[in-house]
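Q: Next come a sequence and a model predicted from it.
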Amino acid sequence: MSRSEQIPIIRHIPIDKLNKRIKNLETDTKILNRLYFIKFRYEGESVEQASERVGITKMVGYIWQERWNEESYKGLVPKYAGGRPSKLSDEQKERLKEKLRERNDWTTNGVQDLIYNEFGVTYTLKQVRIILKQFGMHFAKPFSHDYRKPENAKDILKKTGFNQ
């Protein structure tokens with residue numbers, strides 16, 4: 001049995017700003033690693049030796065050296081591609097989000113079908129989960145609903161006194 005947390009975390013900054021800071025530091029450490037490689041080359045080590053010291057393959061070492069020779073420091077900054085563009089436009093994503101908020105018992109398969117029926121776009125279940133996470137929605141096994149339960153069941157229990 002797990003115990004509850006005794007010391008809560010204080011959220012000094014929003015999660016999106018925290019993620020940006022983490023990403024910036026990851027980029028900086030990549031540049032730092034590349035600068036160490038260049039430093040080792042300045043000190044007379046071979047590409048193979050310098051590569052081994054920073055934990056990369058010899059081929060990557062040659063790529064870094066070529067970038068350094070052509071562009072200096074700018075060549076060492078990672079060049080991230082934007083990735084494949086989304087199949088859904090921003091407007092379509094907003095419409096999808098509105099549709100999803102109409103009900104709270106969606107399954108991943110149901111969302112996948114909704115996207116296909118509404119927008120004619122096919123996504124894998126994994127990508128559907130990624131989209132839901134981007135929307136800030138959480139997915140879990142929904143509670144089963146008894147179709148025989150009246151809409152005012154709580155009021156009926158209050159009147160009869162069974163919930164005491």
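A: Arrived safely.
Q: Can you pull the poorly scored residue ranges out of this structure?
A: 1-5, 7-9, 18, 27, 81, 139-143, 161-164 (pLDDT under 70).
Q: what's the single longest helix in it?
A: For the chain, the helix with the greatest residue count under DSSP state H is helix 15-42.
Q: Tell me which residues of that one come out buried.
A: In terms of neighbour count (16 or more other Cβ atoms under 10 Å), helix 15-42 has its buried residues at 34, 37-38, 40-41. Bear in mind the C-beta positions are built from the backbone N, C-alpha and C, glycine included.
Q: could you dump the residues you listed to TSV with distance to His138?
A: Putting the buried residues of helix 15-42 into TSV (distance: Cβ to Cβ, whole Å) gives the following:
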residue	distance to His138
Arg34	39
Phe37	42
Ile38	45
Phe40	47
Arg41	49
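Q: Next, count neighbours for Ile115.
A: Using other Cβ atoms under 10 Å, Ile115 has 23 other residues around it.
Q: What is the distance between whatever helix or strand Asn109 lives in and the centre of its chain?
A: Element membership for Asn109, per DSSP states H and E: helix 108-119. Helix 108-119 sits 21 Å away from the centroid of its parent chain (Cα atoms, centre = their mean, to the nearest Å).
Q: What helices and strands are in contact with that helix?
A: helix 90-102, helix 125-134 (3 or more Cβ pairs under 8 Å, 6 or more residues apart in numbering; DSSP states H and E).
Q: on that earlier part again, tell me the helices and strands packed up against the longest helix of the chain.
A: Counting contacts by 3+ Cβ pairs under 8 Å, 6+ apart, helix 15-42 is packed against helix 47-54, helix 58-71, helix 73-76.
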